[in-house]
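Student: Sharing a model prediction with you, sequence too.
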Amino acid sequence: MTEFYEAALATINTTFVYGLISDLIKLALIKLISFVVGRLLTRHDRKPTGKHVANTETELEKHRSSLER
């Protein structure tokens, strides 16, 4: 009877450990995906700002050249 108890206890422990490991892997994947999506969104937000700065600099150069004349 104790052999069956020990086997059942070992199975429960193994199942518990595998459950913890799978939960940790899931958490790591969620964190990784969240990080990547955050970086992509940040990079996407920066592109229009860069274009706006370039347009502003172009307009500023045009204004300066018109003042020099």
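Tutor: Happy to help now that I have it.

Student: And the residue nearest to the spatial centre of the chain, how far from Arg64?
Tutor: Centre of the chain computed as the mean C-alpha position; nearest residue by CA atoms, centre = their mean is Phe35, 1.2 Å away. Counting by CB to CB, to the nearest Å, the separation of Phe35 from Arg64 is 43 Å. Yep, even glycine has a C-beta here, placed from its N, CA and C like the rest.

Student: ok, now Leu41?
Tutor: Distance from Leu41 to Arg64, by CB to CB: 35 Å.

Student: Tell me the secondary structure at Ser22.
Tutor: The three-state label given to Ser22 by DSSP: H, G, I helix; E, B strand; the rest coil is helix.

Student: And for it, the neighbour number?
Tutor: 10 (other CB atoms under 10 Å).

Student: residue contacts, it?
Tutor: Counting by CB atoms under 8 Å, 6 or more residues apart in numbering, Ser22 makes contact with nothing.

Student: cool, and Leu67?
Tutor: Per CB under 8 Å, 6+ apart, neighbours of Leu67: none.

Student: mind checking the SS state of it?
Tutor: helix.

Student: ok, now Lys31?
Tutor: Assignment for Lys31 (three-state DSSP): helix.

Student: Would you map the helices across the chain?
Tutor: Here the chain has its helices, by DSSP state H, at 2-68.

Student: Where does pLDDT dip in the chain?
Tutor: Low-confidence regions of the chain, defined by pLDDT under 70, span residues 1, 44-54, 69.

Student: give me that answer again for 90
Tutor: Under the criterion pLDDT under 90, the flagged ranges of the chain are 1-9, 39-69.

Student: what's the neighbour count on Asp23?
Tutor: When neighbours are defined as other CB under 10 Å, Asp23 has 10 of them.

Student: just Thr56 next, same as before
Tutor: Neighbour count of Thr56, defined by other CB under 10 Å: 10.

Student: Run a quick neighbour tally on Phe16.
Tutor: The tally of other residues near Phe16 (other CB under 10 Å) stands at 10.
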